[in-house]
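Asker: structure here, sequence nowhere to be found:
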């Protein structure tokens, strides 16, 4: 389970971390006019791959230190139920991936990014606001 959590934090598809990073990279940074921040976040993701693999590698390829502990019979069932619930609730939080990109973004109507550009979501251009500072006036 720890390996699945690490892979999700890295952003490996089809795990929930991939959907979150995709939304962060695309909708927040690139659509908001901060492409440089997406590049920094992507570099951080690549760096995180190395320090997560430093934990995962010895766990699977290292020599065992001693006799491993044996868990009870219910531990496997609890692990499977917990993993399934994490996947179901994680994917269900935002709906199916196609619904994420087609969501209603009415609260963003008339808002602008820090550069003064109109905020765009779902591939449509929203009306520009009167001033660049209107994002913080609501």
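Answerer: Received it, and whenever you're ready, just let me know what you need. This structure is a prediction, so every number in the text was calculated from the model and none was measured.

Asker: so who does residue 49 touch?
Answerer: The contact partners of residue 49, taken as Cβ atoms under 8 Å, 6 or more residues apart in numbering, are residue 10. Bear in mind the C-beta positions are built from the backbone N, C-alpha and C, glycine included.

Asker: give me the pLDDT for it.
Answerer: If you check residue 49, the pLDDT there is 89.

Asker: which element is it on?
Answerer: With secondary structure defined by DSSP states H and E, residue 49 is part of helix 35-61.

Asker: shaky segments in the chain?
Answerer: Within the chain, the set of residues satisfying pLDDT under 70 comprises 93-138.

Asker: residue boundaries of the helices in it?
Answerer: 2-10, 16-23, 35-61, 74-94, 97-101 (DSSP state H).

Asker: now the helix holding residue 49 against helix 2-10, angle please.
Answerer: On the basis of axes from the mean of the first three to the mean of the last three Cα atoms, to 10 degrees, helix 35-61 is oriented at 170 degrees to helix 2-10.

Asker: hang on, the earlier thing: closest one to residue 29 among the helices of the chain?
Answerer: Using Cβ to Cβ as the criterion, the shortest distance between residue 29 and the helices of the chain is 3.9 Å, found for helix 35-61.

Asker: got the buried residues for that closest one?
Answerer: Burial within helix 35-61, assessed by neighbour count using 16 or more other Cβ atoms under 10 Å, is assigned to 38, 41, 49, 52.

Asker: could I get those as JSON lines with distance to residue 22?
Answerer: Supplementary listing: the buried residues of helix 35-61 in JSON lines, determined by distance: Cβ to Cβ, whole Å:
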{"residue": "38", "distance to residue 22": "11"}
{"residue": "41", "distance to residue 22": "11"}
{"residue": "49", "distance to residue 22": "17"}
{"residue": "52", "distance to residue 22": "19"}
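
Asker: tell me the one among these nearest to residue 30.
Answerer: Each of those was scored against residue 30 by Cβ to Cβ, and residue 38 proved nearest at 5.4 Å.

Asker: can you pull the contacts of the closest residue to the closest one other than its chain neighbours?
Answerer: Spatial nearest neighbour of residue 38, excluding adjacent residues (Cβ to Cβ, 6 or more residues apart in numbering): residue 29 at 3.9 Å. Residue 29 is in contact with 35, 37, 38, 41, counting by Cβ under 8 Å, 6+ apart.
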